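In: okay, predicted coordinates and the sequence, questions at the end:
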Amino acid sequence: MKRLALAAALLVAPHLFGGNAVAQERAIPLENLKSGSAFLGDDLRSLQNDDFANPGMLWVERGEKLWSEPAGRTKQSCSSCHQDAKVSMRGVAARYPKIDAESGRLLDLEGRINLCRARRMGAEPFKYESEGLLALTAYVARQSKGMPMNVSIMGAARPRFDAGEKAYHLRRGQMNLSCAHCHEANWGKRLLSETISQGQPNGYPAYRMEWQTLGSLERRLRACLSGIRAQMLPYGSPEYLDLELYLAWRAQGLPIETPGVRR
Amino acid sequence: MAARIQIPPKAKPGEIIEIRVLIQHPMETGYRQDDVGHPIKRNVINVLSCRYNGVEVFRADLSSGIAANPYIQFYAVADQSGELEFTWIDDEGKQGSERQSIEVAA
């Protein structure tokens, strides 16, 4: 019902959801967007929607503790500046990846958290896929649960978006496939026992059954690359960020589900 | 070992209460190999026990084949106000425990 209402709102008032993005042509029209959870079985979908049993909530809880734990030279915690995450972080994840005004760099939530640690706390950055980084990212993203994805692709973000769009449509690997070949041309069809999803990022960091743990969107992108037998780029490559920005724009209006549960 | 426990904070005498437990644990099966082919040692939570005011009301012997971060749900009869204590131990001997109190009144 909620999804129907949202789709209706999108049809009536597309300008509400980032008018800047409407001019860009969309392969999947906004009203046909489907979150990854729509391609799950009932069991996994209900696991995701169960706020207690969703295993990703273990990380969210850990992130809540980390939020007010001082770290680094300045002995400050996230809450020293941002106070209550439930208020200050509401809606933030919906706007990422985003250009950092100070450095002009494109950052996803993980990048923002690590930059904050370096710049304000004088702390060591978390390693990619470390428990601390996943926990804080999941906790921050959780505060935007249910809010529609809404990234800006204007200004300095535009060239990164264009690069992301190009990366999305680039054929790669031994199978010579681009992202679009599965997730735009063939979503909803079967690939062996699985239904191909639209490749939407709104549940990340997500708990994947295949990983038996929580993982970032970047890890998921790497899994796709390995699936089409392409070379995996190293963690932190700008191409991942470009892709993340493109994916976020592509998911415009989809509600954030972090921590999602995926196959 | 992080864990989440959920029991109703209040119950009537004789009421059947639902108890939910979620523990963060890799539940390494012992059947996998690392990148260079060495077997990875089994490490699973092998016992989970729940005591209600000191009396064991539930015990589970877990083994390989239970997914990582196991979720266990069971039931008990609310008897009197008091404390439920959950303890578990894995193959490496690491122990975890959590306590939650329940108020039983008509």
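Out: Received the coordinates, thanks. Residues are numbered from 1 along each chain as shown, chains lettered A, B, ... in the order given.
In: the helix or strand containing residue B:97: partners in the sheet, and parallel or antiparallel?
Out: Residue B:97 belongs to strand B:95-104 when assigned by DSSP states H and E. If you go by DSSP bridges, strand B:95-104 pairs up with strand B:10-11 (parallel), strand B:82-90 (antiparallel).
In: and residue A:127, what is it in contact with?
Out: Taking CB atoms under 8 Å, 6 or more residues apart in numbering or on different chains, we find residue A:127 in contact with residue A:133. Any C-beta I mention is one placed from the backbone N, CA and C, and that applies to glycine too.
In: mind checking pLDDT for it?
Out: We have a pLDDT of 97 for residue A:127.
In: quick check: the residue of chain A nearest chain B.
Out: Relative to chain B, the nearest point of chain A is residue A:212 (3.8 Å; CB to the nearest CB).
In: contacts only, for that residue.
Out: Per CB under 8 Å, 6+ apart, neighbours of residue A:212: B:26, B:27, B:67, B:68, B:69.
In: so which of those is the most crowded?
Out: Highest neighbour count within the contacts of residue A:212, by other CB atoms under 10 Å in any protein chain shown: residue B:69, with 22 neighbours.
In: quick one, what contacts the residue nearest to that residue when sequence neighbours are not counted?
Out: Once flanking residues are discounted, residue B:69 sits nearest to residue A:55: 4.4 Å by CB to CB, 6 or more residues apart in numbering or on different chains. Contacts for residue A:55 (CB under 8 Å, 6+ apart) come out as A:47, A:207, A:214, A:259, A:261, B:22, B:24, B:68, B:69, B:71.
In: residue A:55 and residue A:206: what is the separation?
Out: 10 Å (CB to CB, to the nearest Å).
In: what about the residue nearest to residue B:69, which SS state?
Out: For residue A:55, the assignment made with DSSP: H, G, I helix; E, B strand; the rest coil gives coil.
In: again, but for the one 5 residues further on
Out: Reducing the assignment to helix, strand or coil with three-state DSSP, the entry for residue A:60 is helix.
In: quick one: it and residue A:138 touch, right?
Out: Yes - in terms of CB atoms under 8 Å, residue A:60 counts as a neighbour of residue A:138; the distance is 5.0 Å.
In: higher neighbour count, the two?
Out: residue A:138 (29 against 25).
In: check the offset of the host helix or strand of that one from the chain's centre.
Out: Assigned by DSSP H and E, residue A:138 falls within helix A:131-142. The chain centre lies 12 Å from the centre of helix A:131-142; the measure is CA atoms, centre = their mean, to the nearest Å.
In: hmm, back to that, so what sits against both of residue A:60 and residue A:138?
Out: With CB under 8 Å, 6+ apart as the test, residue A:60 and residue A:138 both reach residue A:259.
In: show the subsequent helix or strand relative to the least confident helix or strand in chain A by mean pLDDT.
Out: Ranked by mean pLDDT, DSSP states H and E, the weakest helix or strand in chain A is helix A:2-12, scoring a mean of 49. Proceeding N to C from helix A:2-12, the next assigned helix or strand is helix A:42-49, under DSSP H and E.
In: from residue A:24, how far out is the residue of chain B found nearest chain A?
Out: Residue of chain B nearest chain A, by CB to the nearest CB: residue B:68 (3.8 Å). Residue B:68 is 40 Å from residue A:24, where distance means CB to CB.
In: contact residues of chain A facing chain B?
Out: Residues of chain A lying close to chain B (CB under 8 Å from any CB of the partner chain) are A:52, A:53, A:55, A:57, A:58, A:61, A:62, A:209, A:212, A:213.
In: those residues, buried ones only, as a ChimeraX selection?
Out: Burial among the residues of chain A next to chain B is assessed by 16 or more other CB atoms under 10 Å in any protein chain shown; the matching ChimeraX selection reads:
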select /A:53,55,57,58,61,62,213
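In: now the residues of chain A next to chain B as a markdown table including pLDDT?
Out: Compiled in a markdown table, the residues of chain A next to chain B are given as follows (pLDDT from 0 to 100):
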| residue | pLDDT |
| --- | --- |
| A:52 | 96 |
| A:53 | 96 |
| A:55 | 97 |
| A:57 | 97 |
| A:58 | 97 |
| A:61 | 96 |
| A:62 | 96 |
| A:209 | 95 |
| A:212 | 95 |
| A:213 | 96 |
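In: quick one: the strands in the chain?
Out: With no chain named, the answer covers chain A. Assigned by DSSP state E, the strands in chain A fall at A:98-99, A:106-107, A:190-191, A:194-195, A:206-208, A:213-215, A:260-262.
In: please refer instead to chain B.
Out: Under DSSP E, chain B gives strands at B:3-6, B:10-11, B:16-23, B:45-52, B:55-61, B:71-77, B:82-90, B:95-104.
In: low-confidence regions, chain A specifically.
Out: A:1-23 (pLDDT under 70).
In: farthest-apart pair in the contacts of residue A:212, please.
Out: B:26 and B:67 (10.2 Å; CB to CB).
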